[in-house]
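K.L.:
Fold the stuff below for me.
(2 chains)
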Amino acid sequence: MRIFVFLLMTALPGFSADLYEFSPDTDPIEFVTFTEDSTFKGNFPNFSGDLRLDFDDLERSTIDVTIDTQNARTGVIFATQALKGPKLLFAEQYPNVRFVSRSITRDGYSALVQGDLTIRDVTKSVTLEVELFREAGSDPDDLDNLIFIASTSINRNDFGADGFPNIVKPQLDIKFRAKIRRVQ
Amino acid sequence: MTTPYSTVSKILHWVLAFLILALLAFGNKLANSEPNFETLAQYNQHKLAGLFAFILILWRLIERLRSGASFPGGSTPSWEDYLARTVHILFYAAMIAMPITGYAASSAAGQSPVLFGVILPSIAPQNTALSDGLFAAHGVIGKVIFGLFILHLAGLFKRLIGGDPSVMTRMTG
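P.N.:
Coordinates of the predicted model:
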C-alpha cells in the first residue's frame, strides 16, 4: 500500500530541495490517443530529468524532464513509424520533448505543476497534475525512493503534430508513473 | 522479321506485366482510400511488392541489354517501329523511376518499407513537402505507365490485325 507523502513531508523539518532523478528501471511514459472508435496507446521508454523537491516549501520545487522521441513506440511498427515521422513527432529533427516547470501549487492531495512543454520546437504552457507516493512497505521516514505520478492532456495540433487527422484525434493524454530516487 | 526472346526474358515480361498492373490497381485503391491503421499495413505490402518488382525490372533490363531486342520491320524502320522503341525505352525509365520515387517518398514520410519487422534504410531525408512531391510524382509515373501499357497493347493489336503475329509469338513461343 502506497502512502501519499506530500502532506506528511511538509510536517517534517530539514527537507529542502532534494535532488531526485528517474530510476533506470522505471516504467515508460505512456500516452493515449483517440481514434474514431477506440483508443491507441504508446510510450516513451527513454527519458531523464531532475526533480528538485523542496518538501518544506513545495512551491520552490522544480521539475525538468527530457523525453527521447527517437525511441517512442506504439507496439505496431507502422504506427510507430508514423508517430516518429515528420507529420507527428518528427523525431529525426526534434529528438527530444522537454517539460520545465514554472510554478507548483498544492491542490488537495496532489500538486498542480504549471510549466513549459516543448514539442517540435513549439513551446506551450501546460499543467501537470502530480502526486508523489512512497513505495509500498517503505519506512515513513525513507524518502530515498518515491513514486512520481503525473498526468496531463494536450492538443497535439498546438505543437504542429497535426498529421493523420483522419486516424487520430487532436487530444493526447499523457500519463507518467515513474520511480525516482534521491541522489543529493 | 523478329527473333524470340530468351525464356528468362519471356517469363520476366509476363510476371512483371501482371505484377505492375496489380501494383497500379492496388496503389490507386490505397491512394483513394481514407488512411487508417489497416491501410498503413497495406501500404507496406504495396512497398514490398514494388521493391520485388524493382528487382525483377533490373533483372529484365540486364537481360535486355545482354541479349538485345529485335523489332519488326525491314531495313528501314517505320514510324511505328520508332514509336515501339520509344515506348519500350519510356517503359523501362518509368518502371525504374516508379519504385524509386515510391521508396523515396516513403522515406521522406518517415515510413520506409518494413521487411520481416526490420525497417529498411531510408533513402531520403524526412520532409513532408518532399514526401508530398515524391508521392505526386509516383502517382504521375503510374499514370504514364498505364498510358504506355495502352500504347503497347495498341501496337500489338495493330500488328495482329495487320497479319503479323510475330510480335506476340516472340514473347509466347
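K.L.:
CA atoms for contacts and neighbours, from now on please.
P.N.:
Noted.
K.L.:
could I have the longest helix anywhere in chain A exported to PDB, CA atoms only?
P.N.:
Identified as the longest helix of chain A according to DSSP state H is helix A:77-84. Extracted in PDB, the C-alpha atoms of helix A:77-84 (Å, rounded to 0.1, in the frame of the first residue of the first chain):
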ATOM      1  CA  ILE A  77       5.600  -0.800 -36.300                       C
ATOM      2  CA  PHE A  78       3.700   1.200 -38.900                       C
ATOM      3  CA  ALA A  79       2.100   3.300 -36.300                       C
ATOM      4  CA  THR A  80       5.400   3.800 -34.600                       C
ATOM      5  CA  GLN A  81       6.900   5.000 -37.900                       C
ATOM      6  CA  ALA A  82       4.000   7.400 -38.300                       C
ATOM      7  CA  LEU A  83       4.400   8.600 -34.700                       C
ATOM      8  CA  LYS A  84       8.100   9.400 -35.200                       C
END
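K.L.:
packing partners for that helix?
P.N.:
In terms of contacts (3 or more CA pairs under 8 Å, 6 or more residues apart in numbering or on different chains; DSSP states H and E), helix A:77-84 is packed against helix B:37-67.
K.L.:
Next, the angle from the very next helix or strand once past the helix it packs on to helix B:37-67.
P.N.:
Scanning forward in sequence from helix B:37-67 by DSSP states H and E, the next helix or strand is helix B:79-108. Here helix B:79-108 runs at an angle of 140 degrees relative to helix B:37-67 (axes from the mean of the first three to the mean of the last three CA atoms, to 10 degrees).
K.L.:
At the geometric centre of chain B, which residue do we find?
P.N.:
Nearest residue to the geometric centre of chain B (CA atoms, centre = their mean): B:M95, 3.3 Å.
K.L.:
correct me, but that residue touches B:I57?
P.N.:
Yes: applying CA atoms under 8 Å, one finds B:M95 in contact with B:I57, separated by 7.0 Å.
K.L.:
about what we covered before: next, the contact list for the residue nearest to the centre of chain B, please.
P.N.:
Residues near B:M95 by CA atoms under 8 Å, 6 or more residues apart in numbering or on different chains: B:F54, B:I57, B:I145.
K.L.:
6 Å instead, please
P.N.:
Not one residue lies near B:M95 by CA atoms under 6 Å, 6 or more residues apart in numbering or on different chains.
K.L.:
Model confidence for it, exactly?
P.N.:
Confidence at B:M95, expressed as pLDDT, is 96.
K.L.:
And the longest helix that chain B contains, what does it pack against?
P.N.:
In chain B, taking DSSP H as the definition, the longest helix is helix B:128-161. With contacts defined as 3 or more CA pairs under 6 Å, 6 or more residues apart in numbering or on different chains; DSSP states H and E, the packing partners of helix B:128-161 are helix B:79-108.
K.L.:
do the helix or strand following the helix it packs on and chain A meet at all?
P.N.:
Sequence order places strand B:114-115 as the next helix or strand after helix B:79-108, per DSSP H and E. No: judged by CA under 6 Å from any CA of the partner chain, strand B:114-115 stays clear of chain A, getting no closer than 8.1 Å.
K.L.:
before we move on, the earlier item: I'd like the average pLDDT over the longest helix of chain B.
P.N.:
pLDDT averaged over helix B:128-161 gives 94.
K.L.:
Please state the offset of the helix or strand following that helix from the chain centre?
P.N.:
Under the assignment DSSP H and E, the closest C-terminal helix or strand after helix B:128-161 is helix B:166-172. Averaging C-alpha coordinates over helix B:166-172 and over its chain gives two centres that are 20 Å apart (CA atoms, centre = their mean, to the nearest Å).
K.L.:
average pLDDT for helix B:166-172?
P.N.:
Helix B:166-172 comes out at a mean pLDDT of 79.
K.L.:
now stretch B:103-116
P.N.:
The model assigns stretch B:103-116 a mean pLDDT of 96.
K.L.:
Now do it: distance to the chain's middle.
P.N.:
With CA atoms, centre = their mean as the basis, stretch B:103-116 stands 19 Å off its chain's centre.
K.L.:
okay, now residue 165: neighbour count?
P.N.:
Here I'm looking at chain A. Residues within reach of A:P165, counting by other CA atoms under 10 Å in any protein chain shown, total 13.
K.L.:
was after chain B, sorry
P.N.:
Neighbours of B:P165 (other CA under 10 Å): 14.
K.L.:
could you pull out the helices for chain A?
P.N.:
Going by DSSP H, chain A shows helices at A:6-10, A:77-84.
K.L.:
Between these, which has the poorest mean confidence score?
P.N.:
Minimum mean pLDDT among these: helix A:6-10, a mean of 42.
K.L.:
now the strands for chain A?
P.N.:
Secondary structure of chain A (DSSP state E): strands located at A:3-4, A:18-22, A:29-34, A:39-44, A:47-53, A:62-68, A:96-107, A:110-119, A:122-134, A:145-155, A:171-182.
K.L.:
Could you list the residues of chain A in contact with chain B?
P.N.:
So chain A meets chain B at A:Q81, A:G85, A:I167 (CA under 6 Å from any CA).
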